[in-house]
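J.: Return a 3D structure for these sequence lines:
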Amino acid sequence: MSDTTLLEALEEPTLKQLTSIQHAFFTRLGGVSEGRYSSLNCAYASNDDAVKVRENRMRITSHFGYSLESLVTVKNTHSSKVVVVDQLWLENEKPEADAMVTKQREVMLGSDSADCPIVLFADVQAGVIGLAHAGWRGAKNGVLESTVSQMVSLGATPSNIVAAISPCISQASYEVSDDFYQQFINDNLDNRCYFKNANKLNHFMFDLPKYVEDCLVRLGLGSIGQIGIDTYADERFFSCRRSYHAGDDDFGGHFSCICLK
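T.: Numbering: from 1, shown residues only. Below you'll find the predicted structure:
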């Protein structure tokens, strides 16, 4: 079995209390990747050695006592598409989507990310879990609403669902252009509350985690937790924007996952 002693796994307190659920938001510590990808890089889309990415993912599944074959992921397209996982699939056969839901036990739903929020969901009474990659495009396109809707189709009740938001980029680190701002204002003038003026003319600081949280609040969920760590500022995490500002041409991804025991 792979060595998992160096892994750093963060847990959201309410999800942690659910004895039929296993979950974690992993930092980038405890893997085998090197250089800009050091060390627990779980993003196959990066230019890292795929063998090392596979070993890193294997360390994560081993952390929970499962094989790598128990892990399912999807190819993110920043959409609202949700897939129901009723059987395992191979990494090279993964569907295009931004969220997954399942009633299957010992199937690990997982996603890498590098600033975007990952939202984990669980209704333990119905035995349904979900995971959504909720970057600004996906969140704006309704991926969170679609995820809860698919969970309900499997028997979940919104008021019984516990949700947890991963570490992600915070408002203090997320400067956006006026064009970005206008997309949200054109949707709803009330979205102005997620922006404050930046130090640059016609630029704003966007509160993505609050936007995601409020999307979840409107769904009437039982509990919404947030790890509250800024992936740009905390170098234990990969950050697309930090890498871009550093002049790097590529970056890795840390990992979030959830499983029904």
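
J.: longest helix in the chain, by residue count?
T.: helix 50-63 (DSSP state H).

J.: And for the helix or strand following it, what's in contact with it?
T.: On the C-terminal side of helix 50-63, the nearest following helix or strand under DSSP states H and E is strand 71-72. For strand 71-72, the surrounding residues in contact (C-beta atoms under 8 Å, 6 or more residues apart in numbering) are 57, 60-61, 85, 88-89, 94, 100, 107-110, 257. Yep, even glycine has a C-beta here, placed from its N, CA and C like the rest.

J.: The same query, at a cut-off of 6 Å, please.
T.: With C-beta atoms under 6 Å, 6 or more residues apart in numbering as the test, strand 71-72 has contacts from 61, 85, 108, 110.

J.: again with stretch 167-180
T.: For stretch 167-180, the surrounding residues in contact (C-beta under 6 Å, 6+ apart) are 25, 115, 117, 198, 202-207, 209, 227, 229-233, 237.

J.: With stretch 196-209 instead?
T.: The contact list for stretch 196-209 (C-beta under 6 Å, 6+ apart) reads 136, 168, 171, 174, 175, 176, 178, 181, 194, 195.

J.: coming back round to it: sort out which of the contacts of strand 71-72 are in helices and list them.
T.: Per DSSP H, the subset of the contacts of strand 71-72 in helices is residue 61.

J.: Farthest-apart pair in the contacts of strand 71-72, please.
T.: 61 and 85 (15.2 Å; C-beta to C-beta).

J.: for the stretch 151-261 of the chain, what spans make up the helices?
T.: Ranges of helices in the stretch 151-261 of the chain, per DSSP state H, counting those that start in this stretch, are 178-187, 208-217, 240-245.

J.: if you compare these, which one is most tucked away?
T.: helix 208-217 (a mean of 20; mean count of other C-beta atoms under 10 Å).

J.: mind listing the strands in the protein by residue range?
T.: Under the criterion DSSP state E, strands of the chain are mapped to 9-10, 21-26, 71-72, 82-84, 99-102, 108-113, 118-123, 128-133, 162-165, 175-177, 195-197, 203-206, 223-226, 254-260.

J.: List the neighbouring strands of the fourth one plus their orientation.
T.: Spelled out, it's strand 82-84. strand 99-102 (parallel) (DSSP bridges).

J.: And the contacts of the partner strand?
T.: With C-beta under 6 Å, 6+ apart as the test, strand 99-102 has contacts from 82, 83, 84, 85, 109, 130, 131, 132, 143, 147, 150, 151.

J.: ok, now with 8 Å
T.: Strand 99-102 is contacted by residues 72, 74, 80-86, 109, 121, 128-133, 143, 146-147, 150-151, 154, 260 when judged by C-beta under 8 Å, 6+ apart.

J.: Which among those count as buried?
T.: Among those, those classed as buried by 16 or more other C-beta atoms under 10 Å are 72, 74, 80-83, 85, 109, 121, 128-133, 143, 146-147, 150-151, 154, 260.

J.: returning to that earlier point: farthest-separated two in the contacts of stretch 196-209?
T.: The largest separation in the contacts of stretch 196-209, counting by C-beta to C-beta, is between 168 and 178 at 22.7 Å.

J.: on that earlier part again, which among the contacts of stretch 196-209 gets closest to residue 7?
T.: Nearest member of the contacts of stretch 196-209 to residue 7, counting by C-beta to C-beta, is residue 168, at 19.8 Å.

J.: related to what we said a few turns ago, are any of the contacts of stretch 167-180 buried, and which?
T.: Counted by 16+ other C-beta under 10 Å, the contacts of stretch 167-180 give 25, 115, 117, 203-207, 209, 227, 229-232, 237 as buried.

J.: Show me the residue at the heart of the chain, geometrically.
T.: Centroid-nearest residue in the chain: residue 118, 1.7 Å away (criterion: C-alpha atoms, centre = their mean).

J.: List the beta-bridge partners for it.
T.: Going by DSSP bridges, residue 118 forms beta bridges with residue 133.

J.: Quick check: it vs residue 47, distance?
T.: Separation of residue 118 from residue 47 (C-beta to C-beta, to the nearest Å): 22 Å.
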